[in-house]
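A.B. asks: Got a predicted structure here, sequence first:
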Amino acid sequence: MTGTDHDSVKSDFRRLRDHLGVVGLVYLAVCVVLLVWALMATGGDSSGESMAGVIPLLATAPASLVYLVLPDNNVMFISAVALGAEVNAEIIGWCTRALRRGGRPDSSS
């Protein structure tokens with residue numbers, strides 16, 4: 001990576017951190033770990049009876065519960081968990097900004 005690319009990645013990360021907050025980023029990281037763990041546990045289970053996928057669905061509920069009406073395959077499962085994690089991280093970021101702001105009105109709106 002060139003210096004410009006590195007600076008661009010840093011500014012994108014700063015923008016994401018400012019938008020979601022540290023708590024939202026930690027939540028996203030936990031969701032990624034849970035999703036990878038569930039995929040590995042399900043892939044290692046030859047009987048097809050693994051319940052590991054329930055954990056990331058519950059961690060990203062309620063938005064990820066849309067998975068219950070989608071066709072049953074890994075792409076839809078990953079999409080539902082990613083959607084749920086994104087929605088919840090946005091809400092966590094909004095709450096973090098509101099709590100940091102306190103009683104002051106938001107100047108960005």
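C.D. replies: All right, it came through fine.
A.B. asks: residue ranges with poor pLDDT in this protein?
C.D. replies: Residue ranges of the chain with pLDDT under 70: 1-10, 13, 48, 103-109.
A.B. asks: repeat that with 90
C.D. replies: 1-23, 42-53, 63, 65-75, 77, 96-109 (pLDDT under 90).
A.B. asks: Tell me who's in contact with the most centrally placed residue in the chain.
C.D. replies: Geometric centre of the chain, nearest residue: Ala85, 2.9 Å, by Cα atoms, centre = their mean. Ala85 sits next to Tyr27, Leu28, Cys31, Val32, Ala59, Thr60, Ser64 when contact means Cβ atoms under 8 Å, 6 or more residues apart in numbering. The C-beta positions use only the backbone N, C-alpha and C, and glycine is treated the same way.
A.B. asks: Counting neighbours, which bits of the helix or strand harbouring it end up buried?
C.D. replies: For Ala85, the host element (DSSP states H and E) is helix 74-101. Neighbour counts over helix 74-101 (16 or more other Cβ atoms under 10 Å) mark 77, 80-82, 84-86, 88-89, 92-93, 96-97 as buried.
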